[in-house]
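Pasting the sequence and the predicted coordinates here, then a few questions.
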Amino acid sequence: MMTSKVLGLHDNQWPVFDDPARFPVVAAGRRFGKTELSLVKLFTGGKDGRGCLTRPGLYRYVAPTQKLARKVLWRRKLKRALHPSWLSKPPNETNLEVTFKNGSILEVLGAEEEGGLRGEGVTGVVLDEYAQMRLTSFPEEVRPSLADEKGWAMFIGTPQSFNHFYDMFNRGQDARHPTWKSWQFRSIDNPLIDPEEIEEARRTTDPRTFRQEWEASFEAIAGRIYYAFTRAEHVRKVALEKALPVCLTFDFNYNPATAVIGQRLKDECRIVHEVFLPFRGGEATIASANACKDWLAEQGFKSQIRIYGDSTGKSMKTTGPSDHQVLRDMFPYASWCIPNAQPNPRDRHAAVNGRCRTADGRSHLTIDPSCEKLIADLERVIYAPNGEEDQKTDPNLTHISAAFGYWAVQDWPPVKKGGAAEGSAHWL
């Protein structure tokens, strides 16, 4: 029987191999041994016990492109690791496919073609350099293919800022997702690598790139709009205070429908819940308003409500009546805090950053960890080359942070201006 030591696993790779998590996530620096760990998982299944050599099934190794998969795994690692006694026939060089005597099949694939990872009955899959794959590769293509066999998936790679690989890593750190587990390893955690190689990289690489590529650090995206936000400082459990007013703030949009539920205590901004509803079409505003109303009812909240949002909703319609009219009808006793004119986007951005940290070094923002979409927005929204918000790279971004921004810029404007919002009540 082949063991992991045959493939040369070092001591720091064993915790991953020995863990029974169905969805292991490994963020590792360069030359940590990611490919070797992938092969061990594919051949043996690790603690799961479902691998090419241990249980018949369909297994897959996926790289961002098939060219990369051929270069990194097929040529350099896989064919050298295969023993002829394991195989029912020679490896297929055209399809990059290996057939084992026990009936298992290992496919080596690239993720560049949309829809190319769809299929059924996959027992196990490794997604290598997952940070470089499309956002939809796993949830829309790979995850359904695992359902029949209750298969496993390993995500492995070097971080690339706060993208979907970062989401997977954080899921593996969250006790609410018991089938997920994540690890973070630096290149120096590979005892087989010459330390001088790492020191040479340190001498010739800029600090941010070194941290990302060699220390597996998730680094901030260049050009981040909400640069003052950090998950470590601003995300922690927030309780709804039933005696305080609630601030409901909306971004009127067909897809997704978004809203943020928060509370203000003097200069402290607390966000307790978010609404993010995709594909609601003409019912978007009604859907997000109903979601807010239902959540507050579940919490037994009966105090004052304040409404914030996009001023264009006065005439804009994602539903029958104007968006503003929908909110007035659904929250007839709420204080209306939406201004007549749209704030400058830069002022909105500055107001959010001001809640994260003011010039005196103090933070005024706490976000409940359940607000995953808002947290992702604050980490990832960047400026496009034209100086405006980048709304094209990921269409799901910018909307829920804009909703928060409408509240922040109204209650904590970066530049004080005369006049008050239509119908707004001043805070004491």
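Received it, and whenever you're ready, just let me know what you need.

per-residue confidence at Val25?
Looking at Val25, its pLDDT stands at 96.

residues of the helix or strand hosting Asp347 that come out buried?
If you go by DSSP states H and E, Asp347 is part of helix 345-356. For helix 345-356, burial by neighbour count (16 or more other C-beta atoms under 10 Å) applies to 345, 348-356. To be clear about C-beta, it is placed using only N, CA and C from the backbone, and glycine gets the same treatment.

got it, and stretch 173-182?
Within stretch 173-182, judged by 16+ other C-beta under 10 Å, the buried ones are 180-182.

Point out where the stretch 1-150 of the chain drops to low pLDDT.
Within the stretch 1-150 of the chain, the segments meeting pLDDT under 70 span 1-8.

part of a helix, is Val72?
Yes. Counting by DSSP: H, G, I helix; E, B strand; the rest coil, Val72 is found in a helix.

of the buried residues of stretch 173-182, closest to Thr230?
Thr230 lies nearest to Ser182 out of the buried residues of stretch 173-182, by C-beta to C-beta, at 18.9 Å.

quick revisit: among the buried residues of helix 345-356, find me the one that's closest to Gln173.
Cys356 (21.9 Å).

pretty sure the closest one contacts Phe229?
Yes. With contact defined as C-beta atoms under 8 Å, Cys356 reaches Phe229; the gap is 4.7 Å.

what touches both of those two?
Overlap of the contact sets of Cys356 and Phe229 (by C-beta atoms under 8 Å, 6 or more residues apart in numbering) consists of Leu365.

For Pro395, state which of the buried residues of stretch 173-182 is nearest.
For the buried residues of stretch 173-182, the residue nearest Pro395 by C-beta to C-beta is Trp180; the value is 25.8 Å.

Report the beta-bridge partner residues of the closest one.
Beta-bridge partners for Trp180, by DSSP bridges, are Phe23.

any idea how far it is from Asn170?
Distance, Trp180 to Asn170, by C-beta to C-beta, to the nearest Å: 9 Å.

what's the overlap in contacts for those two?
Going by C-beta under 8 Å, 6+ apart, no residue sits against Trp180 while also sitting against Asn170.

Run through the strands of the stretch 201-350 of the chain in chain order.
With DSSP state E, counting those that start in this stretch, the ranges of strands along the stretch 201-350 of the chain come out as 246-251, 257-265, 268-277, 305-309, 335-336.

okay, the fourth one in PDB with CA atoms only?
Once non-C-alpha atoms are left out, strand 305-309 reads as follows in PDB (Å, rounded to 0.1, in the frame of the first residue of the first chain):
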ATOM      1  CA  ILE A 305     -37.100  53.200  12.600                       C
ATOM      2  CA  ARG A 306     -35.100  55.600  10.500                       C
ATOM      3  CA  ILE A 307     -34.900  55.100   6.700                       C
ATOM      4  CA  TYR A 308     -31.800  56.000   4.600                       C
ATOM      5  CA  GLY A 309     -31.000  55.300   1.000                       C
END
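
sorry, back to before: which of the strands of the stretch 201-350 of the chain is buried the deepest?
strand 246-251 (a mean of 27; mean count of other C-beta atoms under 10 Å).

and Glu120, which of the three is it?
With three-state DSSP as the criterion, Glu120 reads coil.

Contacts only, for it.
145, 148.

With Asp390 instead?
Asp390 makes contact with 381-384, 397-398, according to C-beta under 8 Å, 6+ apart.

same thing but 7 Å
By C-beta atoms under 7 Å, 6 or more residues apart in numbering, the residues touching Asp390 are 382-384.

returning to what we had before: now the buried residues of helix 345-356 in TSV, with distance to Gln263?
Below are the buried residues of helix 345-356 laid out as TSV (distance: C-beta to C-beta, whole Å):
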residue	distance to Gln263
Pro345	25
Arg348	20
His349	22
Ala350	22
Ala351	17
Val352	16
Asn353	20
Gly354	18
Arg355	13
Cys356	17
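
With pLDDT and distance to Gly262 as new columns, can the residues you listed be given to me in JSON lines?
As requested, the buried residues of helix 345-356 are exported to JSON lines (pLDDT from 0 to 100; distance: C-beta to C-beta, whole Å):
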{"residue": "Pro345", "pLDDT": "85", "distance to Gly262": "20"}
{"residue": "Arg348", "pLDDT": "87", "distance to Gly262": "15"}
{"residue": "His349", "pLDDT": "89", "distance to Gly262": "18"}
{"residue": "Ala350", "pLDDT": "86", "distance to Gly262": "18"}
{"residue": "Ala351", "pLDDT": "88", "distance to Gly262": "13"}
{"residue": "Val352", "pLDDT": "91", "distance to Gly262": "12"}
{"residue": "Asn353", "pLDDT": "90", "distance to Gly262": "16"}
{"residue": "Gly354", "pLDDT": "89", "distance to Gly262": "15"}
{"residue": "Arg355", "pLDDT": "91", "distance to Gly262": "10"}
{"residue": "Cys356", "pLDDT": "91", "distance to Gly262": "14"}
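
Find the nearest non-adjacent residue to the residue lying farthest from the centre of the chain, please.
Relative to the centre of the chain, the most outlying C-alpha is that of Ser85, 42.4 Å out, by C-alpha atoms, centre = their mean. In this structure, Ser85 finds its nearest non-sequential neighbour in Lys101, 7.9 Å apart by C-beta to C-beta, 6 or more residues apart in numbering.

pretty sure that neighbour contacts Lys89?
No. Counting by C-beta atoms under 7 Å, Lys101 does not reach Lys89; the two are 9.4 Å apart.
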